[in-house]
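Undergrad: this one's structure only:
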């Protein structure tokens, strides 16, 4: 599988922009500084190139400078990369169209502006594209210089300007690669550690919640049993209902609410067999849809005086989120709630 050019970035998710802090407010400050530099350098072409050509070249370079810094994906996507790569040679061609009409040193202004934009392109993980743009700009300058009587050393100076800047930043990108890799590994380890700590915290929280619930509902009757008291018929019935309620908390923790638990306790006291099952379908479901399932279950439990009521949350990926099946001697009723909260009742 061909690897994408990343310019020494071992992981596109952690580019040089992250390492240098060029995100958020700092990125916008960097954009402002780069745009100001581009404007100042490009306006230097007014002494030789026409106003129209200078403004067009300025607009092209300003757009390239904004693109190379503001596009959030690393490495820079290819459409933006192509535009930035082409912008330098095009702007150079516009401002060097008539080198003999003014001071020869004006040819370096566009080269300076291009060098900073291409340095930013290297930081975005496109080293090869940056060097291709440097070479193309040099070809444009040499071609324009051969058609005029401008001193050859001025053309060479203008061609060399981007080379030094891009070479320095490219070397920096290569040298910093081990640091990038180390920081990426540290970040991944920190993410894994944070996820493990969150899981442990959630498990501890659930354990504390279950213990508090057990202490609240079971402590009184357990203390009577521990004291050796003889339980009355009502107390034995309370133990039966309590055992079923605790079993619900293990088999269907997402269904255990004060409202539903009270309805299930009342139905069991009337002789209704109640079964609550949770196969995990509530994950990622909005709270109002969950409440609709609980409301449907409570209605069936409150209406049942005999038979059985089974409330089940189905596994993830099903169209139907939960079912409530009420079975009685003279009537069977099935309620289905889908993931959109729609309720369908069939008999």
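TA: Ah, there it is. This is a predicted model, so every value here is computed, not measured. Numbers count the residues shown, from 1 in each chain.

Undergrad: name the element residue 55 belongs to?
TA: Taking DSSP states H and E as the definition, residue 55 sits inside helix 51-70.

Undergrad: now do that helix: distance to the chain's middle.
TA: 31 Å (Cα atoms, centre = their mean, to the nearest Å).

Undergrad: same for the next helix-or-strand element following that helix, what does it pack against?
TA: Per DSSP H and E, helix 51-70 leads on to helix 78-95 as the next helix or strand towards the C-terminus. Judged by 3 or more Cβ pairs under 8 Å, 6 or more residues apart in numbering; DSSP states H and E, helix 78-95 is in contact with helix 51-70, helix 107-123, helix 127-146. For every residue, glycine as well, the C-beta is placed using N, CA and C.

Undergrad: could you check the angle helix 127-146 makes with helix 78-95?
TA: Angle, helix 78-95 to helix 127-146, by axes from the mean of the first three to the mean of the last three Cα atoms, to 10 degrees: 20 degrees.

Undergrad: and helix 78-95, what's buried?
TA: Buried residues in helix 78-95, defined by neighbour count with 16 or more other Cβ atoms under 10 Å: 80-81, 83-95.

Undergrad: mean confidence score for the longest helix seen in the chain?
TA: Looking across the chain with DSSP state H, the single longest helix is helix 177-226. Mean pLDDT, helix 177-226: 81.

Undergrad: cool, and stretch 313-320?
TA: 90.

Undergrad: buried ones in that stretch?
TA: In stretch 313-320, counting by 16+ other Cβ under 10 Å, buried: 313, 314.

Undergrad: chain center to that stretch: distance?
TA: 26 Å.

Undergrad: other residues contacting that stretch?
TA: 252, 254-255, 277-284, 293, 321-323, 336-339 (Cβ atoms under 8 Å, 6 or more residues apart in numbering).

Undergrad: show me the residues you listed that map onto strands.
TA: Those of these mapping onto strands are 277, 278, 321, 322, 323, 336, 337, 338, per DSSP state E.

Undergrad: correct me if wrong: the last one contacts residue 293.
TA: No: checked against Cβ atoms under 8 Å, the pair residue 338 and residue 293 is beyond contact range at 10.2 Å.

Undergrad: looking at the two, which is more packed in?
TA: residue 293 (26 against 15; other Cβ atoms under 10 Å).

Undergrad: how far away is that one from residue 30?
TA: 51 Å (Cβ to Cβ, to the nearest Å).

Undergrad: check residue 299 too.
TA: For residue 299 relative to residue 30 (Cβ to Cβ), the value is 60 Å.
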